[in-house]
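Asker: just coords:
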Ligand code: SF4
């Protein structure tokens, strides 16, 4: 849980936005710019089409980090 909170930049007990490619800081629209580990060939996720990444990691990969936009949304959810 501590790792999850770190990825979400959240405090214990906070409401969290969903963890997936849509809310990830490494989602550059069409491609992933993160460095997760692909499940099919153990290679880097960097450059992977987001559509493909989204299917492979419904809950985000091991390199997920919350994006600024979704962090702001999450802060609002928690009254900050
Ligand atoms: S594959 Fe991982 S790093 Fe890339 S956008 Fe999805 S959660 Fe983020």
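Answerer: Cool, got the structure. As the structure is a computational prediction, the values presented were derived from the model and not from experiment.
Asker: stretch 31-41: how far from the chain's middle?
Answerer: Taking Cα atoms, centre = their mean, to the nearest Å, one finds the center of stretch 31-41 at 12 Å from the center of the full chain.
Asker: buried stuff in that stretch?
Answerer: 31, 32, 34, 36, 38 (16 or more other Cβ atoms under 10 Å). C-beta coordinates here come from the backbone N, C-alpha and C atoms, glycine included.
Asker: and it with the ligand, contact?
Answerer: Yes - residues of stretch 31-41 are located near the ligand by Cβ under 6 Å from any ligand atom, namely 32, 34, 36.
Asker: in TSV: those residues, plus secondary structure, pLDDT and distance to residue 73.
Answerer: Conversion of the residues of stretch 31-41 next to the ligand to TSV gives the following (DSSP: H, G, I helix; E, B strand; the rest coil; pLDDT from 0 to 100; distance: Cβ to Cβ, whole Å):
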residue	secondary structure	pLDDT	distance to residue 73
32	strand	98	21
34	coil	98	20
36	coil	98	22
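Asker: from those residues, which is closest to residue 53?
Answerer: The shortest approach to residue 53 among the residues of stretch 31-41 next to the ligand belongs to residue 32, at 4.8 Å (Cβ to Cβ).
Asker: hang on, the earlier thing: which of the buried residues of stretch 31-41 sits closest to residue 59?
Answerer: Of the buried residues of stretch 31-41, the one sitting nearest to residue 59 (Cβ to Cβ) turns out to be residue 36, at 11.7 Å.
Asker: what residues does the chain have near the ligand?
Answerer: 21, 24, 26-27, 32, 34, 36, 45, 53, 57, 60-61, 63-64.
Asker: quick one on the thing from earlier: just give me the closest of the residues of stretch 31-41 next to the ligand to the ligand.
Answerer: Nearest to the ligand among the residues of stretch 31-41 next to the ligand: residue 34, at 2.4 Å, using Cβ to the nearest ligand atom.
Asker: this completes my enquiry, with thanks.
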